[in-house]
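Novice: missing the sequence, but the structure's below:
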């Protein structure tokens, strides 16, 4: 039974939204999937992506603290000298030592070597991207970058290799350019197991979606005999 004025059949009332002036409006349904703007993609379809750059927060913070402390101490000493006070003992000792020692002195050579090593380390930190454990993935969407941890990639390859018949145990070493797989087979011919591993792992590497897929190095051996 239906009350008078109640809609019958399969029709139902659409929800309404009350506005401040008391008028009710029906919400506009979402646009269809065809009318939506497509996801922007790169013009180049090769999916190349560079490595992720580390922020280098720890080296930058250490260098900033050292420079800040040295500059503050030097400025304080200069201001004290300008105020007709004697210079600090460390600066007088350093000036006297540099005036008395020659360039071929062992202490001077050691100090210069340490300073050169620190400078080279800072230059290396500035010119290298870092984050070696993060493998860049294929970039098939504009403004989207993704990376895969090397440990996670090694676990995926290990699980795929363990599914091959005849494989008893697997060890995977994942590098940026090469993936080394060492498997132990307790039955089947080693050549057959190695062929199956090559096929399975090549497919697994492609499915990882890495920008630069690593080369595979597969080794299959028999487990050592007990006793």
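Specialist: Structure received. No experiment lies behind these values; they were computed from the predicted model shown.
Novice: care to break this structure down by domain?
Specialist: Domain ranges of the chain: 57-127, 147-221, per automatic domain parsing.
Novice: which of those domains comes out lowest on mean pLDDT?
Specialist: Across the domains of the chain, domain 57-127 has the smallest mean pLDDT, namely a mean of 85.
Novice: distance between the ends of it?
Specialist: This stretch, domain 57-127, spans 15 Å end to end (Cα to Cα, to the nearest Å).
Novice: go on, stretch 83-94?
Specialist: From its first residue to its last, stretch 83-94 covers 21 Å (Cα to Cα).
Novice: mind listing what's buried in that stretch?
Specialist: Of the residues in stretch 83-94, residue 91 count as buried by neighbour count, 16 or more other Cβ atoms under 10 Å. All C-beta spots, glycine's among them, are computed from the backbone N, C-alpha and C.
Novice: in the chain, which residue is closest to the centre?
Specialist: Residue closest to the average C-alpha location in the chain (Cα atoms, centre = their mean): residue 134, at 3.6 Å.
Novice: spit out the contact partners of that one.
Specialist: With contact set as Cβ atoms under 8 Å, 6 or more residues apart in numbering, residue 134 has these partners: 51-52, 147-150.
Novice: can you pull out the strands in the chain?
Specialist: Assigned by DSSP state E, the chain shows strands spanning 17-18, 24-25, 134-136, 147-149, 167-174, 178-185, 215-221.
Novice: list the neighbouring strands of the third one plus their orientation.
Specialist: So that's strand 134-136. strand 147-149 (antiparallel) (DSSP bridges).
Novice: understood, closing this out.
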